[in-house]
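In: Give me a 3D structure for the following:
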Amino acid sequence: MKKEKLINKIINLELEMFQKVRTSQPSLCQEHPHAFKLMREMGFSVLSEETLCSYLDDLITAKRKKKNLLTEKYARMNNIIPPLKNNSIIGDIVHIEKEWMKRLNQRYPNTIKGKITYFENYLSCELETYSDKTLNLYFRDIKKAVESDLNIIEMRYEYLFRKLGYESIQEKENSLKP
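Out: Numbering: from 1, shown residues only. Presented below is the predicted three-dimensional model:
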């Protein structure tokens with residue numbers, strides 16, 4: 001299956017689950033599914049097809065078992081439920097991606113204004129919903145990026161801003177400078 005088609009299948013299953021998440025305040029992404037799709041596409045764009053196939057299997061299995069992985073993720077983010085998984089790989093992935101995010105915040109302070117603590121919590125809680133197989137494959141993707149001196153967070157944002165009509169993150173950053 002082509003990577004783009006694989007990503008679309010994942011996003012459609014996630015969106016179906018996401019629309020059923022009940023929160024105390026409506027989510028902007030729930031009200032604007034296009035924004036949800038774009039942000040998820042951005043995240044998946046840098047992962048290997050093998051990782052994406054495994055995650056698609058996770059979603060299909062969850063749906064068959066009538067589990068909503070996105071409800072679980074947001075319940076974890078708000079500390080409504082206990083941790084779903086205690087796998088040390090999660091901490092390793094979060095540490096690496098947090099460092100990448102910090103570097104991006106420093107390089108593009110007007111564009112990348114994410115709160116590191118929120119980012120850590122979001123990523124950690126999402127990773128808890130992944131199967132061990134998907135986690136191992138995701139970690140393999142991260143390690144390959146580290147070995148190649150690539151910043152996957154930067155690659156994701158480059159992808160996003162190209163989709164939004166910019167040449168690069170730098171072009172977006174320059175457009176925000178006084």
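In: Measure how buried Gly165 is and give me the count.
Out: Residues near Gly165, counting by other C-beta atoms under 10 Å, number 8. C-beta: built from backbone N, CA, C; applies to glycine.
In: OK, contacts around the residue nearest the centre of the chain?
Out: Computing the C-alpha centroid of the chain and ranking residues by C-alpha atoms, centre = their mean puts Gly43 first, at 4.4 Å. Taking C-beta atoms under 8 Å, 6 or more residues apart in numbering, we find Gly43 in contact with Arg156.
In: Which element, helix or strand, includes it?
Out: Here Gly43, judged by DSSP states H and E, is contained in helix 33-44.
In: And that helix, how far out from the chain middle?
Out: 9 Å (C-alpha atoms, centre = their mean, to the nearest Å).
In: ok, now stretch 139-154?
Out: Remark: stretch 139-154 is offset 14 Å from the chain centroid, using C-alpha atoms, centre = their mean.
In: Touching it from outside, list them.
Out: 46-48, 51, 89, 92-93, 96-97, 100-101, 103-104, 155, 169.
In: Please list the members of those that lie in helices.
Out: If you go by DSSP state H, the contacts of stretch 139-154 have 51, 89, 92-93, 96-97, 100-101, 103-104, 155, 169 in helices.
In: Taking those, please make a ChimeraX selection of just the buried ones.
Out: The ChimeraX selection below is limited to those of those classed as buried (16 or more other C-beta atoms under 10 Å):
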select :51,89,93,96,97,100,101,104,169
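In: Run through the residues that contact Lys172.
Out: Contacts of Lys172 (C-beta under 8 Å, 6+ apart): 108, 111, 161, 164, 166.
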